[in-house]
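> A structural model of the following input is requested.
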Amino acid sequence: MKTLILGTIALALGTGGALAQDVVRMGTEGAYPPYNFLNDSGEVDGFERELGDELCTRAELTCEWVTNDWDSIIPNLVSGNYDTIMAGMSITDEREEVIAFTQNYTQPDPSAFVALDGMEPDLEGGVIAAQANTIQASWVAESGATLVEFATPDETIAAVRSGEADAVLADKAFLEPFVAEGADIVFFGDDVLIGRGIGLGLRQSDTELKDTFDAAIQSMKDDGSLNELLEKWEIGATF
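Okay, here's the model as predicted:
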């Protein structure tokens, strides 16, 4: 299996065995656990850090991690501040008009509503918080409810607790620790499936780099190691 995996990646890399750039800069938000966050040492951590490091190892790439605010993460990729986005970013048609994506490395993850315990929020006509420029924000905007957007996911939780919003819609994996740790907020209503799973974002011109990461992701699907990471970090369904 190892020989087949390395052979597949070698085909993606081409006969030269390496990409033109010496270092691949991996852009992430660092504020969306369990996908990505900053640990006590101030270093990028989480599911995507572990996954990204393994992908770079399999592809024989030297990678370094860069953090960037969510609201400018796509523009700064396009402008060349880093070379990839690994930030819990769902693959959507709208985003594919601007950047390219690898194949997905998670299944479509359920989104969920969280509201104050004891409240009965109007999910169809009430005020729903979501992080700006996310698939959840787009879904709320099209649902008929009043969307209120925030720059960071933590601010959406604060908006519910302060009464500024009736509920928040976000990835269920992100919301679960808040529900488990706080006695004041609970899941409400049905889960919502949005998007086509999460992929690694790249500039549309970086076709060789895309092929390289596609091959590495596929190798992890083939040998089961991607499923092991998904289970370790308790993220959605396995492949």
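
> The spatially most central residue of the chain - nearest residue in space that isn't next to it in sequence?
Centroid-nearest residue in the chain: Gly88, 0.5 Å away (criterion: Cα atoms, centre = their mean). Spatial nearest neighbour of Gly88, chain neighbours left out: Tyr35 (3.9 Å); criterion: Cβ to Cβ, 6 or more residues apart in numbering. C-betas here are computed from N, CA, C, even on glycine.

> now for the helix or strand hosting Asp214, which elements pack on it?
Using DSSP states H and E, Asp214 maps to helix 207-223. Counting contacts by 3 or more Cβ pairs under 8 Å, 6 or more residues apart in numbering; DSSP states H and E, helix 207-223 is packed against helix 2-13, helix 47-58, strand 201-202, helix 225-232.

> Show me which residues of it are buried.
209-221 (16 or more other Cβ atoms under 10 Å).

> do the same with stretch 226-239
226, 229-230, 233, 235-236.

> As JSON lines, those residues with distance to Phe150 and pLDDT would be great.
Listed next are the buried residues of stretch 226-239 as JSON lines, based on distance: Cβ to Cβ, whole Å; pLDDT from 0 to 100:
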{"residue": "Leu226", "distance to Phe150": "31", "pLDDT": "98"}
{"residue": "Leu229", "distance to Phe150": "29", "pLDDT": "98"}
{"residue": "Leu230", "distance to Phe150": "27", "pLDDT": "97"}
{"residue": "Trp233", "distance to Phe150": "24", "pLDDT": "96"}
{"residue": "Ile235", "distance to Phe150": "23", "pLDDT": "89"}
{"residue": "Gly236", "distance to Phe150": "23", "pLDDT": "80"}
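
> on that earlier part again, please work out the average pLDDT along the helix holding Asp214.
What helix 207-223 shows for mean pLDDT is 98.
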